[in-house]
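**Q** Got a predicted structure plus its sequence, pasted below:
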Amino acid sequence: MKWKARLSELQFDEQELAGVLETIDSQWITAGPRTEAFETAFARLTGTAHAIAVSNGTAALFLALKALDIGPGDEVLVPSLTFVATAAAVIHCGATPVFVDICSLANPTMSADDAAAKITSQTRAILPVHYAGIPADMDRLSALAESNGLVVVEDAAHAPGARLAGRPCGSLGTAGCFSFFGNKNITTGEGGMITTNDVELARRLRLLRSHGMTVSSWDRDKGRPAQYDVLEFGFNFRFDDIRAALGLAQIEKLEQFNRRRAALVEAYNQSLSSTQLDLILPSAGTSEAKEPSHHIYPLVLPSTEERDNVAQWLQREGIQTSIHYPPIHCFSAFKRTGRRVYLPVTEAFADRELTLPLYPAMSVSQLSHIVETVEAALGQTRGRQF
Ligand SMILES: Cc1ncc(COP(=O)(O)O)c(C=O)c1O
């Protein structure tokens with residue numbers, strides 16, 4: 001499909017290209033000095049003592065839970081309004097995801113009230129998602145975790161550079177998990193990162209990331225003895241230096257990217273907030289303490305029918321849209337478990353949500369064209385002009 005406006009676009013230039021070429025020329029392409037430098041830069045970004053690069057965001061979530069010893073018999077509170085990986089990571093640890101509703105159609109992050117109602121004697125962790133890069137209500141969720149002896153793992157896949165009361169997402173729980181998939185605010189194609197201030201957790205994450213081995217290939221190249229021990233059976237969730245070169249170039253530009261995203265979101269909000277249009281804009285009116293990273297631009301229409309009509313109209317005009325997200329508890333894979341889950345706000349949101357294109361290189365005239373097309377589509381479905 002030839003799109004006039006894609007949902008997201010890659011922001012690479014000569015800097016990424018040069019980084020990759022230098023890495024290839026260096027003769028060291030697996031995890032090594034560039035991976036370490038990317039980890040250091042990422043730890044600085046999140047203000048955490050440690051950052052551990054892994055193969056993707058799903059591996060980050062799985063490994064964080066695993067290293068926290070979450071397993072069979074344990075329950076983890078997760079939103080259903082998220083990418084399936086958030087719950088799959090819990091399931092693959094042998095634990096049970098317990099789905100929590102969102103706060104409201106205007107604040108589609110985990111509801112602390114519903115989370116509190118779902119805590120049982122088996123609950124071990126809370127795994128909130130900073131949906132669209134909007135920080136979840138971490139003050140209330142962290143207080144809930146503390147009073148019930150739970151750990152907090154942030155799914156910060158959408159949230160590099162986002163802040164809550166000046167504190168970076170990824171530093172608000174015991175561990176933060178990021179994704180560098182191709183559509184994310186910074187990308188390495190595939191890739192992930194775990195951030196933490198817990199030195200023992202960081203040590204275990206590094207071990208488990210690479211088969212529990214005490215010595216890495218890079219250590220040996222630096223002259224460490226070849227003998228190694230295996231302290232526990234782990235995985236191969238390693239990152240590599242080619243992708244780290246991309247990450248190092250991308251992270252330098254993140255602040256500028258996020259500033260541009262914020263300006264575009266402000267322009268979308270200004271144009272689409274007219275009461276006549278009758279839209280809910282989750283990116284508008286977030287509390288002052290929240291500095292979102294604006295990973296995506298979601299809006300909520302009055303009905304599913306209108307949402308679907310607008311999506312079809314935009315598609316005909318070459319404007320790509322998406323739905324974030326079909327709730328996890330509505331997928332066949334979950335329904336087969338026979339567990340019945342009712343999340344009224346999540347379901348209403350998912351039935352009516354539409355995501356519009358957003359990426360730093362989007363021009364103001366492109367954005368205006370998208371807004372005009374949304375208005376035309378709404379006019380057509382409602383039999384009037386906006
Ligand atoms: C909210 C959320 N969690 C987890 C993931 C998983 O990340 P990855 O695709 O890098 O495995 C994604 C990525 O798409 C995501 O959007």
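**A** Received it, and whenever you're ready, just let me know what you need.

**Q** residues touching the one residue in the chain that gets nearest to the ligand, list them.
**A** Residue nearest to the ligand within the chain: residue 57 (2.4 Å; CB to the nearest ligand atom). All C-beta atoms are positioned from the backbone trio N, CA, C, and that covers glycine. Residues near residue 57 by CB atoms under 8 Å, 6 or more residues apart in numbering: 85, 157, 177-181, 191-192.

**Q** hey, what's the nearest residue in space to residue 64 that is not next to it in sequence bridged with?
**A** Beyond its immediate neighbours in the sequence, the residue positioned closest to residue 64 (CB to CB, 6 or more residues apart in numbering) is residue 175, lying 4.3 Å away. Assessed by DSSP bridges, residue 175 has beta-bridge partners residue 153.

**Q** Residue 175 against residue 154, yeah?
**A** Yes - with contact defined as CB atoms under 8 Å, residue 175 reaches residue 154; the gap is 7.3 Å.

**Q** Could you report the pLDDT at residue 173?
**A** The score at residue 173 is 98. That number is its pLDDT.

**Q** Residue 285 too?
**A** According to the model, residue 285 scores 82 on pLDDT.

**Q** Just say helix, strand or coil for it.
**A** Three states are possible here, and by DSSP: H, G, I helix; E, B strand; the rest coil the one that applies to residue 285 is coil.

**Q** what residues are up against the nearest residue to residue 350 once chain neighbours are set aside?
**A** With sequence-adjacent residues excluded and distances taken as CB to CB, 6+ apart, residue 350 is closest to residue 327, at 5.1 Å. By CB under 8 Å, 6+ apart, the contact set of residue 327 is 80-81, 99, 343, 346-347, 350.

**Q** and if we set it to 6 Å?
**A** Applying CB atoms under 6 Å, 6 or more residues apart in numbering, we find residue 327 in contact with 80-81, 346, 350.

**Q** The spatially most distant residue from the centre of the chain: what secondary structure?
**A** For the chain, the C-alpha lying farthest from the average C-alpha position belongs to residue 225; by CA atoms, centre = their mean, that distance is 39.0 Å. When the structure is reduced to helix, strand and coil (three-state DSSP), residue 225 reads as coil.

**Q** do residue 160 as well
**A** On the three-state scheme (three-state DSSP), residue 160 is labelled coil.

**Q** residues near it, how many?
**A** Summarising burial for residue 160: neighbours were counted as other CB atoms under 10 Å, giving 30.

**Q** Just the local confidence number for it, please.
**A** In the prediction, the pLDDT value recorded for residue 160 is 98.

**Q** Equivalent analysis for residue 89, please.
**A** Reading off the per-residue confidence, residue 89 sits at a pLDDT of 98.

**Q** residue contacts, residue 89?
**A** Counting by CB under 6 Å, 6+ apart, the residues that residue 89 touches are 61-62, 65.

**Q** quick one: which of those is nearest to residue 117?
**A** Of all the contacts of residue 89, the one with the least separation from residue 117 (CB to CB) is residue 65, at 22.4 Å.

**Q** before we move on, back to that, quick check: nearest residue in space to the residue farthest from the centre of the chain, chain neighbours excluded?
**A** residue 215 (7.3 Å).
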